[in-house]
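Undergrad: need a structure here:
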Amino acid sequence: MADWRSQAGEEICEADDPARRCVVVKRGMWIGVQLCAGGEQNYRASQLRPLGAAEALTAGEKDALANPDPIRDLQATVDAAIAVSRVDGGTVPNVFVDKDGVERRQFEVYALPDGGFGARNNVVGLEQVLTGGTATNARIIHQIKSHCGYYTLRSNIAEAHLAALSALVGKPLRMGIPGGSSTKQKPKKPKPKPKPKRKQPAAAPKPTSPEPHDCHLACKYGSARALKTFLDAEEPPDHYDLNRALCQAAWMGRGDLVRMLLDHGAGRTVAAQMLLDAGADASFEDVDGFSPLLVAARLGHSGVARLLISKGADVKGSSTIKALREEMAAAEEKRQRESAAAAAAPQATPPAVDDDDSDVACSPPAKVARVADTESGAGF
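TA: Residues are numbered from 1 along each chain as shown. Here you go, the predicted structure:
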């Protein structure tokens, strides 16, 4: 006997219900059949079997297959697909017998005047349960299942349908797919509270290197020509660029670049200018009476002293005047001793020359005192 699953038009029936007779119309992963009672349905191969010789289709069944009725076929599909779940595990099919022995149908399809189908809910007396635009049988079945509580999504209509149907059959019903679990959701276990994370100390920000400027780059690459170009530009380099360039040139051992930068104001005077620009007090005195001008005088930094005086440093203060006078007396005494030693030894080392003001050859305190007299217009 030929394999019935490989031939369209073969007469078959359901394996568990021989009264549901049909013919094969298509095959694939599912076998599509046309039922003699109307409608089409898909089955697995294990759910079907071929008809025997004594079970051949009758002339009326063959005529029904040859002349399909859309309403009859859709109603047959609804009757086969709709089943409401009972709490005890059974089902209530679309065509059922109520507790009084009366045969009823939950959903009944009919043709609409302007074409298409309607579905009447006979349990709650709702004339139309389908929404507009429903065209295919699959969508119709899906909407009817939604109205009878087939899906777990609760709605007022589904709950009303189950309550009315339960009263008709005299058995408690539930939502959900027949044979599935109850739609009552199990209480969720409370999630354990996450352990509080230990606060990590904030990491210190990583120091970032400032962007190199023109003079600094020139010293970094050792270009005296480029450095001279930047120093002689119409817009002179700022103090920060000069200081960075001076450090770079000293680190590379480039004396020529260091001298060029010093000639353009790089060094201690630049650092003092930066502090004053940041708001430092030029006349500040500590608890011992030392002021910036006094320290500059002691160290012989005439450029710094000149800058402090120009920024308003007090040259008439008693502490500063007394200290400068003492420094000048000590320097004069030292100069006389060195002059006497030089006369006895002609090859002695000449007096030191200050790097900030090399055109003045005298002791640092005397030089600073001269600067103070010149800049302030007042003598000591």
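
Undergrad: when you work out contacts or count neighbours from here on, use the C-alpha atoms and nothing else.
TA: OK.

Undergrad: send the alpha carbons of stretch 125-144 over as PDB?
TA: Taking C-alpha atoms only, stretch 125-144 is exported to PDB below (Å, rounded to 0.1, in the frame of the first residue of the first chain):
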ATOM      1  CA  GLY A 125     -25.100  37.000  24.700                       C
ATOM      2  CA  LEU A 126     -22.500  39.100  22.800                       C
ATOM      3  CA  GLU A 127     -23.400  39.400  19.200                       C
ATOM      4  CA  GLN A 128     -20.000  40.200  17.800                       C
ATOM      5  CA  VAL A 129     -16.600  39.300  19.400                       C
ATOM      6  CA  LEU A 130     -14.500  40.000  16.300                       C
ATOM      7  CA  THR A 131     -12.900  43.300  15.600                       C
ATOM      8  CA  GLY A 132     -12.800  45.000  12.200                       C
ATOM      9  CA  GLY A 133     -10.100  43.900   9.800                       C
ATOM     10  CA  THR A 134     -10.100  40.300  10.900                       C
ATOM     11  CA  ALA A 135      -9.700  38.300   7.600                       C
ATOM     12  CA  THR A 136      -7.900  35.000   8.000                       C
ATOM     13  CA  ASN A 137      -9.200  32.000   9.900                       C
ATOM     14  CA  ALA A 138      -6.200  32.100  12.200                       C
ATOM     15  CA  ARG A 139      -6.900  35.600  13.400                       C
ATOM     16  CA  ILE A 140     -10.500  34.700  14.000                       C
ATOM     17  CA  ILE A 141      -9.600  31.700  16.100                       C
ATOM     18  CA  HIS A 142      -7.100  33.900  18.000                       C
ATOM     19  CA  GLN A 143      -9.700  36.500  18.900                       C
ATOM     20  CA  ILE A 144     -12.200  33.900  20.000                       C
END
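
Undergrad: need the contact partners of it.
TA: 74, 78, 81, 82, 107, 116, 118, 119, 120, 121, 147 (Cα atoms under 8 Å, 6 or more residues apart in numbering).

Undergrad: these in helices, which ones?
TA: Among these, DSSP state H puts 74, 78, 81, 147 in helices.

Undergrad: for those residues, pick the one with the most neighbours.
TA: Highest neighbour count within the ones in helices among the contacts of stretch 125-144, by other Cα atoms under 10 Å: residue 78, with 27 neighbours.

Undergrad: next one: the nearest residue to it once chain neighbours are set aside from residue 91, what distance?
TA: Nearest non-adjacent residue to residue 78, counting by Cα to Cα, 6 or more residues apart in numbering: residue 141, 6.5 Å away. Using Cα to Cα, to the nearest Å, one gets 17 Å for the distance from residue 141 to residue 91.

Undergrad: rewinding a little: assumed the residue nearest to residue 78 was part of a helix.
TA: Yes - counting by DSSP: H, G, I helix; E, B strand; the rest coil, residue 141 is found in a helix.

Undergrad: residues near it, how many?
TA: 18.

Undergrad: equivalent analysis for residue 94, please.
TA: Neighbours of residue 94 (other Cα under 10 Å): 21.

Undergrad: per-residue confidence at it?
TA: Residue 94 is assigned 88 on the pLDDT scale.
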